[in-house]
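>>> I'll drop the sequence and a predicted model, then ask my questions.
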Amino acid sequence: MASVSVSHTIIFIASIIVAASVAGVLTTEVDRLNHAVTQSALDTSEKIQTDIQVISDGGSDNCCYDSGVITVLVKNTGSRLLPANADFIDVIVDGSIETDVSVSVVDGDLWAPGDVLRVEITRSLDSGDHRVKLIVDGDDEVFEFRT
Amino acid sequence: MGFSISGSFAIIAFAAFVAAGVLVPTAINTVDDISRAQQTAEDNRLLEQNTEINITRAEWSTSLLDDQVIIEVENTGSTTLDLNETDVLVDNSYYGRDDRSSETVGGNSDSGLWRPGETYSFVILRALLDQIPPERVKIITEFGVADSGNVQG
């Protein structure tokens, strides 16, 4: 009879330990899932709020290349503040990713909604038609011009 | 035996309850954040569709006082625009509000709102221009809707 009680006690302790382990794993994984969902939602929300537009005047003879520098004006037409940082913008010229890129906000200190960013890309171009693609947080814009 | 099962079940049920307590508010906030972002984007798209401008005058004027390019643009859409967010390019050079002189909108010289049907007029003085005489003008609204044209005169 005593052996039955001991067995029951052992089984009880074992079951409690297993249940506690399962509960621990469950709460830990749910916490990780919670962080991932929160971050993913933040990213999705930022992508939806991001919108840019190239406003350079392609009809002007002064657009957009001079002495080895391509200059493109990009307006923030979205609803959130964007970092005015060249590392935040992917620039592709005629199919090649460009890394020698500098940026400056022309009408303020921050690239807020409605503000314009001047993007200068150091790259030699031959005469002819050219294509610049800018990607900011998933939103891309293509601008074509002639030199 | 029954007590073991009850105890284990109670622990796991409690953990599941805690997990649900963490996940449900996150799910609600997530849906709320994305819904608000989508709503804002939809609103902006609607405003963009209702925005239209038309350059009615772009003229190079030479005078004894000062040479200047005179620009008049009509808001032909149904959205009220903000002059601070309206961009001007002359020969692809950017001119902010500080660079524009003799600004009036709908005949009013101290308003920053550009209402539907009103004409926004201003001049840019020769000293600020990169190219003499200027050839091209482009006006861009806050939603990216633009009009461009050649300078006459």
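It's in. These numbers were taken from a predicted model, which means no experiment stands behind them.

>>> Can you check the pLDDT for the closest residue to A:Asp61 other than its chain neighbours?
Sequence neighbours aside, B:Glu135 is the residue nearest to A:Asp61 in space, at 7.1 Å (criterion: Cβ to Cβ, 6 or more residues apart in numbering or on different chains). Just so you know, the C-beta spots here come from the backbone N, C-alpha and C atoms, and that holds for glycine as well. pLDDT for B:Glu135: 91.

>>> Can you name the next helix or strand after the strand or helix carrying B:Ile34?
According to DSSP states H and E, B:Ile34 maps onto helix B:2-49. Sequence-wise, the next helix or strand downstream of helix B:2-49 (DSSP H and E) is strand B:53-61.

>>> Quick one: list the elements packing against that following strand.
Contacts defined by 3 or more Cβ pairs under 8 Å, 6 or more residues apart in numbering or on different chains; DSSP states H and E place strand B:53-61 against strand B:68-75, strand B:119-125, strand B:136-140, strand B:146-150.

>>> Report the angle between the last one and strand B:68-75.
When you say that, I think you mean strand B:146-150. Angle, strand B:146-150 to strand B:68-75, by axes from the mean of the first three to the mean of the last three Cα atoms, to 10 degrees: 140 degrees.

>>> quick one: buried residues of strand B:146-150?
Buried residues in strand B:146-150, counting neighbours by 16 or more other Cβ atoms under 10 Å in any protein chain shown, are found at B:Ala146, B:Asp147, B:Ser148, B:Gly149.

>>> what does stretch A:53-62 give?
For stretch A:53-62, by 16+ other Cβ under 10 Å, it's A:Gln53, A:Val54, A:Ile55, A:Ser56, A:Asp57, A:Gly58, A:Ser60, A:Asn62.

>>> quick revisit: let me see the contact set for the residue nearest to A:Asp61.
For B:Glu135, the contact set (Cβ atoms under 8 Å, 6 or more residues apart in numbering or on different chains) comprises A:Ser60, A:Asp61, B:Asp91, B:Asn150, B:Val151.

>>> same deal with B:Ser78?
B:Asn50, B:Pro116 are the contacts of B:Ser78 under Cβ under 8 Å, 6+ apart.

>>> Tell me the one of the buried residues of strand B:146-150 nearest B:Asp130?
B:Ser148 (16.5 Å; Cβ to Cβ).

>>> is it true that A:Ser3 lies in a helix?
Yes - with DSSP: H, G, I helix; E, B strand; the rest coil as the criterion, A:Ser3 is part of a helix.

>>> doesn't A:Phe143 make contact with A:Arg131?
Yes - applying Cβ atoms under 8 Å, one finds A:Arg131 in contact with A:Phe143, separated by 7.5 Å.

>>> Comparing these two, which residue is more hemmed in?
A:Phe143 (20 against 12; other Cβ atoms under 10 Å in any protein chain shown).

>>> Run through the bridge partners of the residue nearest to the more buried one when sequence neighbours are not counted.
Spatial nearest neighbour of A:Phe143, chain neighbours left out: A:Val54 (4.1 Å); criterion: Cβ to Cβ, 6+ apart. Note on A:Val54: beta-bridge partners by DSSP bridges are A:Val74.

>>> can you give me the strands in chain A?
Taking DSSP state E as the criterion, chain A contains strands spanning A:52-54, A:65-66, A:69-76, A:89-93, A:96-98, A:101-105, A:116-122, A:129-136, A:139-146.

>>> circling back: of the helices and strands packed on strand B:53-61, flag the one that's most buried.
strand B:136-140 (a mean of 24; mean count of other Cβ atoms under 10 Å in any protein chain shown).

>>> coming back round to it: pipe the helices and strands packed on strand B:53-61 into TSV and attach distance to A:Leu82 per row.
Converted to TSV, the helices and strands packed on strand B:53-61 look like this (distance: least, Cβ to Cβ, whole Å):
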stretch	distance to A:Leu82
strand B:68-75	27
strand B:119-125	27
strand B:136-140	17
strand B:146-150	20
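
>>> And the ones you listed: which comes nearest A:Glu120?
For the helices and strands packed on strand B:53-61, the distance to A:Glu120 is smallest for strand B:136-140, at 19.2 Å, taking Cβ to Cβ.
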